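**Student:** Fold the following for me, if possible:
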Amino acid sequence: MAIRFACPSCRQPIEIDDEWAGQSVGCPYCRKVITAPAVSSWPSEQVPVATPLRQPTEPIMPPPGYPVHPPAQGASAAPWALTMAITSALLSMFASMVWLGTWVNVVAEKAGRNATQEEIQKIASELAANGQIPYSPLAMAAAVVGSLCGIGGLVLAIRTLLWQQPRRGMAIAACIISVAFSCCGGLLVFMSLASRAAQP
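**Tutor:** Next comes the predicted model:
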């Protein structure tokens, strides 16, 4: 006759053979080792059968290819990485708009009010060829801060991926955004510095 009882750890119903009464068995639900009672304490319903504990207990080995150490359970850096990447993108776009506005103003001043499209393009090409790209301190500052945010976001995203932290999708998005907009911000910084050096 079978003995039915509730696991003291997880409260799930267990059924064992009479021969295991008073001995150590493994719970099929929570896998904890428990001592079986001598008599049933659970109604006679369909309950899973517990497996007897093997002596000595063998450690359960993970399947091949499974990481030996579990992934880090701490807070993921992915939200911070994505926040920094988005900040980098916004600052790089802001820097680009400020720089473009400065460029349009300089070309408009040199071309005059009644200039044709061809004249404006010719003046813009001459300014670029002579290294007279307009310098904007605001665009420069936004590009530098945006590039630094992008680099920080990239570092945090790579850390999240390497340490196998949760929210890996956010980390991958942060990597892509950070690389793209750090390059844009870096290009604006380089162009601003080059134009500054070319000015007399």
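**Student:** Quick check: longest helix in this protein by residues?
**Tutor:** Assignment by DSSP state H gives helix 78-111 as the longest helix of the chain.
**Student:** now W80, nearest residue through space, not along the chain?
**Tutor:** Leaving aside its sequence neighbours, W80 sits nearest to L156 (C-beta to C-beta, 6 or more residues apart in numbering; 5.4 Å). C-beta here means a position set from N, CA and C on the backbone, and glycine is covered the same way.
**Student:** what's the average pLDDT for the helix or strand that neighbour falls within?
**Tutor:** Element membership for L156 (DSSP states H and E) is helix 137-162. Regarding helix 137-162, the rounded mean pLDDT is 90.
**Student:** Could you figure out how far that helix is turned away from helix 78-111?
**Tutor:** Inter-element angle recorded for helix 137-162 and helix 78-111: 150 degrees (by axes from the mean of the first three to the mean of the last three C-alpha atoms, to 10 degrees).
**Student:** So which bits of helix 137-162 are buried?
**Tutor:** Under the neighbour-count criterion of 16 or more other C-beta atoms under 10 Å, helix 137-162 has 139-140, 142-154, 156-161 buried.
**Student:** Helix, strand, or coil at P166?
**Tutor:** Classification of P166 using DSSP: H, G, I helix; E, B strand; the rest coil returns coil.
**Student:** which parts of the strand or helix carrying A128 are buried?
**Tutor:** Secondary structure from DSSP H and E places A128 in helix 117-129. Residues of helix 117-129 classed as buried: I120, I123, A124, L127 (neighbour count, 16+ other C-beta under 10 Å).
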